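Enquirer: Predicted coordinates and the sequence they were generated for:
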2 protein chains.
Amino acid sequence: MKKKISIAGPELRNILKSESAKEQIYSIFENVHPFEIYSLIEGLEIDEIGKIIEYIKFPKASDIFEYFDDDDREEIFRTFNRNDMITMIEEMSSDDRVDLVKSLDDNLVNTLMPLIAQAERNDIKRLIKYDEETAGSIMTTEYAALRQDMTAKEGLTHLKKIAPDRETIYSIYITNNERIIRGVLSLKALIIAKDNQLIGDIMKTDFVFVNVNDDQEAVSKIIADYDLLAVPVVDENMRLFGIITIDDIVDVVIEEDTEDFLRHGSVEGEADYLDANPFKLAKQRIVWLLLLVIVGFISGYIMQLKESVLHSVIALTFFLPLLNGSAGNAGTQSSTIIIRGLATGEVKFSDVKIILLKEISIGIILGILLGLAAGLRAIILNNDFRLAITVAISMVTVVTLANILGALFPLLFKKMKLDPALMSAPFIASIVDILSIFIYLSLAGYIFKV
Amino acid sequence: MKKKISIAGPELRNILKSESAKEQIYSIFENVHPFEIYSLIEGLEIDEIGKIIEYIKFPKASDIFEYFDDDDREEIFRTFNRNDMITMIEEMSSDDRVDLVKSLDDNLVNTLMPLIAQAERNDIKRLIKYDEETAGSIMTTEYAALRQDMTAKEGLTHLKKIAPDRETIYSIYITNNERIIRGVLSLKALIIAKDNQLIGDIMKTDFVFVNVNDDQEAVSKIIADYDLLAVPVVDENMRLFGIITIDDIVDVVIEEDTEDFLRHGSVEGEADYLDANPFKLAKQRIVWLLLLVIVGFISGYIMQLKESVLHSVIALTFFLPLLNGSAGNAGTQSSTIIIRGLATGEVKFSDVKIILLKEISIGIILGILLGLAAGLRAIILNNDFRLAITVAISMVTVVTLANILGALFPLLFKKMKLDPALMSAPFIASIVDILSIFIYLSLAGYIFKV
């Protein structure tokens, strides 16, 4: 890594209070990368951040601004003066700009919109109607387009002119007068081409594209699978609306993986952890906890029904944590593998037969090993052979069952077009809990003849 | 998405048996994207896949080949004839090529190496010494370099010549005779520049770079944070060894997130799920399961020590699944949030005080809610006020404790430079289990005076 500038928060704070704050801030950060500036100032107060961004000037100011998350952006934006608000909106990349406008209150938007340059204003109006997490909401309209009757040389000259305003010129799109896409061309192919070759002759006509309404996760899979730098976003008539570039996809992949990870850990909603207050964070967790309380009541109720068994052989209870823990863990393991396999595309619903056979085999192997350990413990510490048999048989049964259910639930969710990650680990563990208590105590009742 | 070619496995199998297999396979797939070919043939037998790849010819053959995972690649490679083996190694991208050579047995490598073109052979020798998951192991040596005394026009002419052999020409590196890197230049900047401007004058001299030994996860964070298309890989003397491109990073991000996800679900090792046999898969899971068996033994032992309490108030056992489930789930939730926050960089070890305060607050809020529910259940179904008090107080205590431990373990692991995702959800749940049983039964002993 390159060396970073080192300046501490308090130092910046003092500079901000001085008369020459504007000039000093500008010169300190003149040659510093926007990400480093962001890292240095993110811990400051919102109005301090706002000032520093304003002092740094455009276009760099908007690059720094875009590193903040949606909530912070909105607050920082409100500290800007009117002129900087307008320039910021005009300078931001088109996808981030729309997110910002969506987060502002209507009064402010109505005041600002007439003051924004017409091209940008139309762009906002066009993009604002797409649902979140769709291709339309993450695409940018700043793509490079050429006509197919241009020569390679003319194309390159035209690119030279338009390049400064485009998000990327490495993927080039060939459209007709109705913006219908005819082909795509990489800048590499254009550079390699002979000067007088026609764009129409060197462009690729069998290219990958996505629809404006496609889900962003599907789009990121396509970009990753086809090793693309950008993918064109079109409507049913192949009209080009924008492009999605690979750097946005890196963010989408991280975002979607975070969602899956949190859901599987039974946390709902966005992880705005450090900023949110405890009540908001507790709300993210309470739904699952309460659901599992009901599951706990059911387990308890089953035990109450089997009270006589427990009463006559109190040692049975000593193995409850072991049985529940093992079954819960086995269920977590198989659900983890299947959920992740579905997310990366390694596993499909059509593999359901192979998966079930595998999980049953694994369950029996693991169950026998764990059952032997548990049975041995019963003989050594409790010197009770019937107890050992009860525990061992229960272990094999519940671990196998846990493996099957852990794999089956995510697969069924996928089949029903629900997110498999909704099947949280604790939920599967709890369902398995109920079953294991029931099997264990029923078997005990039979073996001990209570 | 574009329309895909549709041809079924059995159909391909028949074609492979015909006399004109070579020609037919070639023409079927002539205009099909390598990823689509991969998707169509991945389900076939290894030797069938090998034949199809050989019939499709280079360089496309190597593009298809690279979509397979490491294990499959090695098996497919062994079906090739000698000539195709050599061409395949020469045509593959330099990072994938090294992985393949590493997986082959020494005899084969020793036979093939002398037959490989010298440039590629040297490249393999240079790259093979880097540890897996380092920058050196995922970099490519096929970068585009220019000299700083060239004009923009000369640079572009030179690029035209070398472009076909380079992984990317969109990031250009300016080096001296000792391969010491002097600056970087985007192709966009080169295109925008005037014809007679010197490369040395338009290149960026404050650029981001990584060291050959840096961890691949750190590299992917840098590329994502700085919005780069590629990052140069250098040694201590700033000598340029290769570059890492953003499309490789997408794969790294997915790979690392998969690792985290599986570990948190207490599964060890690679998820080669559909291919591996049940014994291999059971091995991935047994370590954690056995560890948790020990935890289960401890819980059971504590119960055995408190046998007299359990014996006199058997209803206490009915609340064990509820207490354990709630505490386990609370621990899973907080560990999930902290592990993911650490992975995305949202949370740092230095936030430990804020985090603990938050988790204690959240624990008390959730504990009171769950404690009330549990206490109510004790009064309604068991009509026992002392039991209700015991359960309710235990619930508040253990949920708060679970929140603290769930957050603390991953933070401590991070501090000790271990992977926080090693702290699996079931492990945290089990530790919390032991504590909750101990607290619950001790409190019960005190309240019921047993």
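Expert: Thanks, I have the structure now.

Enquirer: Can you spell out which helices and strands pack onto the one helix or strand A:T400 maps to?
Expert: Using DSSP states H and E, the element containing A:T400 is helix A:385-415. The contact analysis (3 or more CB pairs under 8 Å, 6 or more residues apart in numbering or on different chains; DSSP states H and E) places helix A:385-415 against helix A:320-344, helix A:352-382, helix A:425-447. (Each C-beta comes from the backbone N, C-alpha and C, glycine too.)

Enquirer: In space, what's closest to the residue minimising distance to the centre of chain A - neighbours in sequence excluded?
Expert: Centroid-nearest residue in chain A, with CA atoms, centre = their mean: A:E256, separated by 1.7 Å. Once flanking residues are discounted, A:E256 sits nearest to A:E217: 5.1 Å by CB to CB, 6 or more residues apart in numbering or on different chains.

Enquirer: The one you found reaches A:I254, doesn't it?
Expert: No. The pair A:E217 / A:I254 is not scored as a contact, 11.8 Å apart, by CB atoms under 8 Å.

Enquirer: If you count surrounding residues, which of the two has more?
Expert: Taking neighbours as other CB atoms under 10 Å in any protein chain shown, A:E217 and A:I254 compare with A:I254 leading, 21 against 17.

Enquirer: What does A:N211 show for phi and psi?
Expert: Main-chain dihedrals, A:N211, degrees, to the nearest 10: phi -90, psi 150.

Enquirer: quick one: contacts for it?
Expert: The contact partners of A:N211, by CB atoms under 8 Å, 6 or more residues apart in numbering or on different chains, come to A:135, A:233-236, B:1.

Enquirer: A:Y143 too?
Expert: A:166-168, A:171, A:173, A:230, A:232, A:240, A:242-243.

Enquirer: Neighbour count says what about the contacts of A:N211? Which are buried?
Expert: The neighbour-count test (16 or more other CB atoms under 10 Å in any protein chain shown) marks A:135, A:233-234 as buried among these.

Enquirer: ok, which of these also contact chain B?
Expert: Taking CB under 8 Å from any CB of the partner chain as the test, chain B is in contact with none of the buried ones among the contacts of A:N211.

Enquirer: Let's see which of those residues end up in helices.
Expert: Counted as lying in helices by DSSP state H, out of the buried ones among the contacts of A:N211, are A:A135.

Enquirer: for the buried ones among the contacts of A:N211, which one is nearest A:T332?
Expert: A:A135 (34.0 Å; CB to CB).

Enquirer: Can you give me the domain assignment for chain A?
Expert: Following automatic domain parsing, chain A resolves into domains at A:9-129, A:144-261, A:278-447.

Enquirer: that older thread, assumed the residue nearest to the centre of chain A was part of a helix.
Expert: Yes. Checked against DSSP: H, G, I helix; E, B strand; the rest coil, A:E256 lies within a helix.

Enquirer: okay but A:F448 is in contact with A:S312, surely?
Expert: Yes. Counting by CB under 8 Å, A:S312 is a contact partner of A:F448 at 6.8 Å.

Enquirer: So for the two, which sits in the more crowded spot?
Expert: A:F448 (16 against 13).

Enquirer: Could I get the contacting residues of the nearest residue to the more buried one once chain neighbours are set aside?
Expert: Leaving aside its chain neighbours, A:F448 sits nearest to A:V313 (5.6 Å; criterion: CB to CB, 6+ apart). Residues near A:V313 by CB under 8 Å, 6+ apart: A:387, A:444, A:448, A:450.

Enquirer: try 7 Å
Expert: With contact taken as CB atoms under 7 Å, 6 or more residues apart in numbering or on different chains, A:V313 is in contact with A:387, A:444, A:448.

Enquirer: from the residues you listed, which is closest to chain B?
Expert: Nearest to chain B, judged by CB to the nearest CB, of the contacts of A:V313 is A:L387 at 11.4 Å.

Enquirer: And the pLDDT at the closest one?
Expert: A:L387 is assigned a predicted lDDT (pLDDT) of 92.

Enquirer: Surely it touches A:T317?
Expert: No. A:L387 is beyond contact range of A:T317, at 11.1 Å (criterion: CB atoms under 7 Å).

Enquirer: Where does whichever residue of the stretch 1-150 of chain A sits closest to chain B sit: helix, strand or coil?
Expert: Nearest residue of the stretch 1-150 of chain A to chain B (CB to the nearest CB) works out as A:F35 at 4.9 Å. Following three-state DSSP, the label given to A:F35 is helix.

Enquirer: Now A:I181: which helix or strand?
Expert: Element membership for A:I181 (DSSP H and E) is strand A:181-186.

Enquirer: Against which helices or strands is that strand packed?
Expert: Strand A:181-186 is packed against strand A:171-175, strand A:230-234, with contacts defined by 3 or more CB pairs under 7 Å, 6 or more residues apart in numbering or on different chains; DSSP states H and E.

Enquirer: quick one: strands adjacent to the first one?
Expert: Based on DSSP bridges, the pairing partners of strand A:171-175 within the sheet are strand A:144-146 (parallel), strand A:181-186 (antiparallel).

Enquirer: wait, A:Y173 sits on A:P232?
Expert: Yes. With contact defined as CB under 7 Å, A:Y173 and A:P232 form a contacting pair (5.8 Å).

Enquirer: list the residues that contact both of those two?
Expert: With CB under 7 Å, 6+ apart as the test, A:Y173 and A:P232 both reach A:181, A:184, A:240.

Enquirer: do you know how far the first one is from A:L229?
Expert: When you say that, I think you mean A:I181. As for A:I181, its distance to A:L229 is 16 Å (criterion: CB to CB, to the nearest Å).

Enquirer: Mind jotting down where the strands sit in the stretch 201-350 of chain A?
Expert: A:210-211, A:230-234, A:240-245 (DSSP state E, counting those that start in this stretch).

Enquirer: between the last one and strand A:181-186, how many degrees?
Expert: Here strand A:240-245 runs at 30 degrees with respect to strand A:181-186, directions being taken by axes from the mean of the first three to the mean of the last three CA atoms, to 10 degrees.

Enquirer: how distant is strand A:240-245 from the center of its chain?
Expert: 21 Å (CA atoms, centre = their mean, to the nearest Å).

Enquirer: so that strand versus strand A:230-234, what angle?
Expert: Using the same axes, to 10 degrees, strand A:240-245 lies at 150 degrees relative to strand A:230-234.

Enquirer: what about chain A, any weak spots by pLDDT?
Expert: Applying pLDDT under 70 to chain A flags residues A:1-5, A:269-271.

Enquirer: For the stretch 51-200 of chain A, list the residues in contact with chain B, please.
Expert: A:159-160, A:163-164, A:169-170, A:187-188, A:191-192 (CB under 7 Å from any CB of the partner chain).

Enquirer: Derive a ChimeraX selection command for the buried subset of the residues you listed.
Expert: Buried residues among these (16+ other CB under 10 Å), as a ChimeraX selection:
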select /A:159,163,169,170,187,188,191,192
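
Enquirer: Relative to B:I286, which of the residues of the stretch 51-200 of chain A next to chain B is nearest.
Expert: For those, the nearest to B:I286 is A:Y170 (48.5 Å; CB to CB).

Enquirer: so what's the backbone phi/psi at that closest one?
Expert: Residue torsions, per degrees, to the nearest 10, at A:Y170 are phi -80, psi -20.

Enquirer: mind checking how far it is from B:Y170?
Expert: 5 Å.

Enquirer: How about A:D214?
Expert: Taken as CB to CB, the span from A:D214 to B:Y170 is 26 Å.

Enquirer: go on, A:L115?
Expert: A:L115 is 36 Å from B:Y170, by CB to CB.
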